[in-house]
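Colleague: A structural model of the following input is requested.
(chains A and B)
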Amino acid sequence: MNTVAKNNSALGLIFTFLGGLLLLFIIAPVAGMYLNTTSAGLTETIGDDAVRSSVWLSLWTSMAATMLFSLLAIPLAYILARKNFPLKNVVNGIIDLPIIIPHSAAGIAVLGIVTRNSLLGKAADLVGLKFIGSPAGIIVAMAFVSIPFLINAARDGFAAVPERYEKTALTMGASPARAFFTISLPLAWRSILSGLILMWGRGMSEFGAVIIVAYNPQTAPVLIFERFTSYGLKYSVPAAVVFVTVCLVLFIIFRLVKKKINA
Amino acid sequence: MLDVKNISMAVGNFKLSEINFNVEKGEYFVILGLSGVGKSLLLETIAGLRSPDSGKIFLRGKDIAKEKIQNLNISIVYQDSVLFPHKNVYENIAYPLKSRKAKGIKEKVHRFAEITGIADKLERKPSTLSGGEIQRAALARSLASGSDIFLLDEPLSALDSKSAFELRALFRKLNREGITIIHVTHSYEEAVSLATRIGIMEEGKLVHVDTPSEIFRHPRSEFVAHFVGIKNFLKGNLKEGSGAQLKEFALNGISISVLTDIEDGEAFLMISPDEISISNKPEESSSRNHFKGVIKDIAPARIGIDVTVDIGIDIVSVITSNSLNELDLSIGKTVWINFKASSCKIYK
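Modeller: Below is the predicted model of the structure:
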């Protein structure tokens, strides 16, 4: 017994050390960025209208992308969790496609479907909506790259709900819609919420696809990039710190909310 | 009330083949079978949750395939995943009432909870209830759904014996009050204590439907024979033999002489283990049946010692420990078994 405990403690030490290295790898660059920012520079950046509007734009477009596309993603996730159909694996593969293709390529792909010559572009034109260089385009680009996170999480969530609850609900006089909204959706909600947070976070931080569809108006990642290429590291760091801080605060709030729901 | 006609279907490893039975209003029908024979699949099909590949189910004279599940008034209670875990007992019982937009929900929930003995746990979440309490709450919810047929899927299998005993009484009470119950189980005791009729299910087939006394007096399956302690239960073909009323019962390439006036064809044979003798050499006696075989197992029985001899089929003989020692019997030894044609009980 002692030998086993000894070996385990040695393994535990090695794993803790390796894990610690990894945590340092994540924390160090972010912490370094904060340490390299002066309070004067930070105050000036916060007062900068362009920075403030870019952060706000990133926030609301990513939220909008998450909310709008969740209306399509959650039903699809439910179908994928519950139904078997030909080429289901292909559909699952297609959903993961935005994760593996380079995001600049994703931007070009999105640009192809939202230009004025495309079907979607023409239809949008009719109602006076334009995608290129507009929040609508940003929302589409963000949704394209971040939707797999929501679909995958929601699908796993629905799959973890025993189908028997839904069947019982049906025999209890519930319509399929009532069974979905009162049984399946609440029971899968934790996973769906995780997916929503991941999708929102991924969309908010998106740079590659967004810059191709809409250089202006500038989202925070585009603004940070622009400051870096135009003025150098010194001017881009405060803007990055402001955006990262906003993201962190929101991320912590969402994590706390999720923890409360899970409890 | 319920007519199941020629249902066949295959889902994954489970298969149902040409299931036929009917259940009258107020009956307590138990489907008895080992785990994995398709009992739950049959229940889901009756509830309209699965469509059979062929065959039809008529409920109150109507084809259930043409009705919406929520309008069938059949309630299913599963063995696990019974109550909605995110709702407390009150909300679970209220669920069907809300689905049907009933009035006086609060009063009804309390009334059904009183009937099933769960009224003091209405605020509790399912995760804090015992197995028996979960089943009681599920029954209250089924009552609230207004169903007059309850489909119970192994409802007692996860319960301690005291809870199971109390719930059996509750099932009987509900049945007396007019609820038709179809209950699937692998427990012989459950079936005997509850059923007005039993259907025996084997490998996706309903092989025997009858009253409990008839099912166990004349078993038609090894499964049932085993339950009632019949050790030599054989299914074979009865053919003309060499003399008047002396016939041949054939199975697995073996021919057993039997004394019977039952007509030829498929039949069942039972031989009591105490009617079978074992010898080291072919026995010269009035017995018509002598078979050479190898001892496969020797095990103490409630009275005497069970010796299983493989003669192409397994035959169990019960002998005394004195005989075991005198004949020097051991596993793997070749012996002869002997029994009279008149010891063989034949029935159709």
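Colleague: Compute the number of surrounding residues for the closest residue to chain B within the stretch 1-150 of chain A.
Modeller: Nearest to chain B in the stretch 1-150 of chain A, going by CB to the nearest CB, is A:Asn84, at a distance of 11.1 Å. (Each C-beta comes from the backbone N, C-alpha and C, glycine too.) The tally of other residues near A:Asn84 (other CB atoms under 10 Å in any protein chain shown) stands at 6.
Colleague: Secondary structure element for it, which one?
Modeller: Using DSSP states H and E, A:Asn84 falls within no helix or strand.
Colleague: So what does it have for phi and psi?
Modeller: Dihedral pair for A:Asn84: phi -110, psi 130, per degrees, to the nearest 10.
Colleague: List the buried residues of the helix or strand of chain A with the lowest mean pLDDT.
Modeller: Every helix and strand in chain A was compared by mean pLDDT, DSSP states H and E; the lowest is helix A:119-126, with a mean of 81. Buried residues in helix A:119-126, defined by neighbour count with 16 or more other CB atoms under 10 Å in any protein chain shown: A:121, A:124.
Colleague: after it comes which helix or strand?
Modeller: helix A:135-159.
Colleague: distance between that next one and the chain's centre?
Modeller: The chain centre lies 7 Å from the centre of helix A:135-159; the measure is CA atoms, centre = their mean, to the nearest Å.
Colleague: Which secondary structure elements does it sit against?
Modeller: If contacts are counted by 3 or more CB pairs under 8 Å, 6 or more residues apart in numbering or on different chains; DSSP states H and E, helix A:135-159 sits against helix A:49-82, helix A:88-100, helix A:103-114, helix A:185-204, helix A:208-213.
Colleague: Which strand or helix spans B:Trp336?
Modeller: strand B:334-339.
Colleague: That strand pairs with which strands?
Modeller: strand B:277-279 (antiparallel), strand B:289-300 (antiparallel) (DSSP bridges).
Colleague: which other residues reach the helix or strand following that strand?
Modeller: Remark: after strand B:334-339, the chain's next helix or strand is strand B:345-347, criterion DSSP H and E. With CB atoms under 8 Å, 6 or more residues apart in numbering or on different chains as the test, strand B:345-347 has contacts from B:218, B:238, B:249, B:258, B:260, B:262, B:267-271.
Colleague: Please identify which of these is nearest to chain A.
Modeller: Ranked by distance to chain A (CB to the nearest CB), these are led by B:His218 at 35.9 Å.
Colleague: how much distance is there from the helix or strand harbouring B:Ala138 to the middle of the chain?
Modeller: Using DSSP H and E, B:Ala138 maps to helix B:131-144. Centroid separation between helix B:131-144 and its chain, computed with CA atoms, centre = their mean, is 24 Å.
Colleague: just stretch B:271-291 next, same as before
Modeller: In terms of CA atoms, centre = their mean, the centre of stretch B:271-291 is found 33 Å from the chain centre.
Colleague: end to end, how far does that stretch reach?
Modeller: For stretch B:271-291, the first-to-last residue distance is 14 Å (CA to CA, to the nearest Å).
Colleague: can you put the helices and strands packed on helix A:135-159 in a markdown table and add mean pLDDT and mean neighbour count?
Modeller: Listed next are the helices and strands packed on helix A:135-159 as a markdown table, based on pLDDT from 0 to 100; neighbours: other CB atoms under 10 Å in any protein chain shown:
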| stretch | mean pLDDT | mean neighbour count |
| --- | --- | --- |
| helix A:49-82 | 94 | 18 |
| helix A:88-100 | 91 | 13 |
| helix A:103-114 | 88 | 18 |
| helix A:185-204 | 93 | 21 |
| helix A:208-213 | 91 | 24 |
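Colleague: Turn those helices into a markdown table, including distance to chain B.
Modeller: Shown next, in a markdown table, are those (distance: least, CB to the nearest CB, whole Å):
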| stretch | distance to chain B |
| --- | --- |
| helix A:49-82 | 13 |
| helix A:88-100 | 16 |
| helix A:103-114 | 37 |
| helix A:185-204 | 5 |
| helix A:208-213 | 37 |
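Colleague: re the thing from before, CA atoms only for the strand holding B:Trp336, dumped as PDB, please.
Modeller: Provided in PDB are the C-alpha atoms of strand B:334-339 (Å, rounded to 0.1, in the frame of the first residue of the first chain):
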ATOM      1  CA  THR B 334     -20.000 -42.300 -17.900                       C
ATOM      2  CA  VAL B 335     -23.300 -43.700 -16.400                       C
ATOM      3  CA  TRP B 336     -26.700 -44.900 -17.500                       C
ATOM      4  CA  ILE B 337     -30.000 -43.300 -16.600                       C
ATOM      5  CA  ASN B 338     -33.200 -45.300 -16.500                       C
ATOM      6  CA  PHE B 339     -36.900 -44.300 -16.200                       C
END
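Colleague: buried stuff in that strand?
Modeller: So, applying 16+ other CB under 10 Å, buried residues of strand B:334-339: B:335-339.
Colleague: Name the residues of chain B found near chain A, please.
Modeller: Taking CB under 8 Å from any CB of the partner chain as the test, the list of chain B residues beside chain A reads B:44, B:47-49, B:69-72, B:74-78, B:80-82, B:84-86, B:95-96, B:99-100, B:141, B:145-147.
Colleague: From the residues you listed, list just the buried residues.
Modeller: In the residues of chain B next to chain A, burial by neighbour count holds for B:44, B:47-49, B:69-70, B:72, B:74-78, B:81-82, B:84-86, B:95-96, B:99, B:141, B:145, B:147, counting by 16+ other CB under 10 Å.
Colleague: Let's verify A:Thr37: helix, strand, or coil?
Modeller: Three-state call for A:Thr37 (DSSP: H, G, I helix; E, B strand; the rest coil): coil.
Colleague: give the contact list for it.
Modeller: With the criterion set at CB under 8 Å, 6+ apart, A:Thr37 makes contact with A:237-238, A:241.
Colleague: And the buried ones among those, selectable in PyMOL?
Modeller: Here is the PyMOL command that selects the buried residues among the contacts of A:Thr37 (16+ other CB under 10 Å):
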select buried, chain A and resi 237+238+241
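Colleague: Might you specify the subset of the contacts of A:Thr37 located within helices?
Modeller: If you go by DSSP state H, the contacts of A:Thr37 have A:237-238, A:241 in helices.
Colleague: Next, count neighbours for A:Glu226.
Modeller: A:Glu226: 19 surrounding residues under other CB under 10 Å.
Colleague: which strands and helices sit next to the helix or strand where A:Val246 lies?
Modeller: Element membership for A:Val246 (DSSP H and E) is helix A:233-262. Here helix A:233-262 touches helix A:2-35, helix A:39-46, helix A:49-82, helix A:185-204, helix A:220-231, going by 3+ CB pairs under 8 Å, 6+ apart.
Colleague: Can I get the shortest one in CSV, CA atoms only?
Modeller: Listed in CSV are the C-alpha atoms of helix A:39-46, where the atom choice follows Å, rounded to 0.1, in the frame of the first residue of the first chain:
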residue,chain,number,x,y,z
SER,A,39,-2.3,53.9,-15.5
ALA,A,40,-2.0,57.1,-17.5
GLY,A,41,-2.0,55.2,-20.8
LEU,A,42,-4.9,53.1,-19.6
THR,A,43,-7.0,56.2,-18.5
GLU,A,44,-6.3,57.8,-21.9
THR,A,45,-7.4,54.6,-23.7
ILE,A,46,-10.6,54.3,-21.7
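Colleague: does B:Trp206 count as helix, strand or coil?
Modeller: Residue B:206: Leu, not Trp. Quick answer, by three-state DSSP: B:Leu206 is strand.
Colleague: is it true that it touches B:Ile198?
Modeller: No. Under the criterion of CB atoms under 8 Å, B:Leu206 is not in contact with B:Ile198, lying 10.3 Å apart.
Colleague: Find residues that contact each of those two.
Modeller: Common neighbours of B:Leu206 and B:Ile198, using CB under 8 Å, 6+ apart, are B:Ile31.
Colleague: Let me have the helices and strands packed on helix A:233-262 in TSV, extended by distance to B:Glu27.
Modeller: Shown next, in TSV, are the helices and strands packed on helix A:233-262 (distance: least, CB to CB, whole Å):
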stretch	distance to B:Glu27
helix A:2-35	59
helix A:39-46	77
helix A:49-82	34
helix A:185-204	35
helix A:220-231	70
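Colleague: closest to chain B among the contacts of A:Thr37?
Modeller: Among these, A:Val241 lies closest to chain B (CB to the nearest CB), at 41.2 Å.
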